[in-house]
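Q: can't give you the sequence, but here's the structure:
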């Protein structure tokens, strides 16, 4: 031990002459630290969450006849709920327009008024994959759609495809391979049912984190500077023969993780 310490001290002394030392602290390994969780009662599946600076909004998916927009305060306490005619996949709040944007099943991008839940599919034929769950750049400059190893980059609200980014490794099971989230600097891609891979916006692999729960694939989201997944409500109603006949109101749980070591 004394010999190792001595070598490091000697290396530090070399800095004066050569400008760098060979003994450096290893970079910290990031960890997903849960900061908040709260329950979310929906039909079918919990699929998306966003943040407007003071409130969380969640959207569910599975059938447009059972669409539900739920609103929570900053501590996850329930505030309000609206019925929406959307089979949601992902959701984002635009502070400039004071409007929610929802990517639902299909290729369009819908708007939802957070004050009354009124929805309208303003932008049609925007996305390539019907079942994809997209990522939103926090500054609203880009939307990102992931499909089977490729991130398609759309420029702004108009949805014009600008370029594509290749992702080398990801969890190939459907629908994990068509779901993603995005922050200002990173893409988040499923690497397993509890593992999330982190890439730069240029598609360079950075690291991975393991979550404490296995979330629904479509629930992967970025909101309030946290990575989110939901333990699914799975509110599907079956008949005696096992056929899906509708949605059942059940409770899922959202989990928000701070990525410690990546601030």
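A: Nice, thanks for sending it over. None of these values were measured; they are calculated from a predicted model.
Q: So which bits of stretch 242-249 are buried?
A: For stretch 242-249, a neighbour-count test (16 or more other C-beta atoms under 10 Å) marks residue 247 as buried. To be clear about C-beta, it is placed using only N, CA and C from the backbone, and glycine gets the same treatment.
Q: before we move on, what about stretch 80-94?
A: Quick answer for stretch 80-94 (16+ other C-beta under 10 Å): 82, 84, 86, 87, 88, 89, 90, 91, 92, 93.
Q: Next: stretch 202-210.
A: 208, 209.
Q: mean confidence for that stretch?
A: For stretch 202-210, mean pLDDT is 96.
Q: just to revisit the earlier point, just the ones of the buried residues of stretch 80-94 in strands?
A: The strands, defined by DSSP state E, take in 82, 88, 89, 90, 91, 92, 93 from the buried residues of stretch 80-94.
Q: if I look at the first one, how far off is residue 219?
A: Relative to residue 219, residue 82 is positioned 19 Å away (criterion: C-beta to C-beta, to the nearest Å).
Q: and if you look at the second one?
A: For residue 88, the distance to residue 219 under the criterion C-beta to C-beta works out to 11 Å.
Q: Same question for the third one.
A: Separation of residue 89 from residue 219 (C-beta to C-beta) stands at 10 Å.
Q: tell me, what's touching these two both at once?
A: Common neighbours of residue 89 and residue 219, counting by C-beta atoms under 8 Å, 6 or more residues apart in numbering, are 47, 48.
Q: which residues does residue 111 contact?
A: Per C-beta under 8 Å, 6+ apart, neighbours of residue 111: 99, 100, 101, 102, 119, 120, 121, 122.
Q: Just the pLDDT for it.
A: pLDDT, residue 111: 95.
Q: tally of neighbours for the nearest residue to residue 123 once chain neighbours are set aside?
A: Using C-beta to C-beta, 6 or more residues apart in numbering and skipping the chain neighbours, the partner closest in space to residue 123 is residue 109 (4.2 Å). By other C-beta atoms under 10 Å, 24 other residues sit near residue 109.
Q: Quick check: residue 109 touching residue 121?
A: Yes. Here residue 109 lies in contact with residue 121, judged by C-beta atoms under 8 Å, at a distance of 7.3 Å.
Q: Low-confidence stretches in the chain?
A: Within the chain, the segments meeting pLDDT under 70 span 1-29, 158-159, 263.
Q: residues touching the residue most central in space within it, list them.
A: In the chain, the residue lying closest to the centroid (C-alpha atoms, centre = their mean) is residue 221, at 1.7 Å. When contacts are counted by C-beta under 8 Å, 6+ apart, residue 221 is found next to 48, 49, 50, 90, 91, 181, 227, 228, 229.
Q: Residue 65 should be in a helix, yeah?
A: Yes. Using DSSP: H, G, I helix; E, B strand; the rest coil, the secondary structure at residue 65 is a helix.
Q: That one and residue 229: what is the separation?
A: With C-beta to C-beta as the criterion, residue 65 and residue 229 are 25 Å apart.
Q: higher neighbour count, those two?
A: residue 229 (29 against 11).
Q: I'd assumed residue 163 was in contact with residue 201.
A: No. Counting by C-beta under 8 Å, residue 201 does not reach residue 163; the two are 10.8 Å apart.
Q: Those two - which one has more neighbours?
A: With neighbours defined as other C-beta under 10 Å, residue 201 and residue 163 compare such that residue 201 has more, 17 against 9.
Q: residues touching the more buried one, list them.
A: 165, 182, 185, 186, 187.
Q: Share the number of residues neighbouring the last one, please.
A: Okay, so that is residue 187. 24.
Q: What of the first one?
A: Neighbouring residues of residue 165 were enumerated by other C-beta under 10 Å; the total is 18.
Q: so which of the buried residues of stretch 80-94 comes closest to residue 244?
A: Closest approach between those and residue 244, by C-beta to C-beta: residue 87, at 13.4 Å.
Q: From residue 40, how far out is residue 89?
A: 16 Å.
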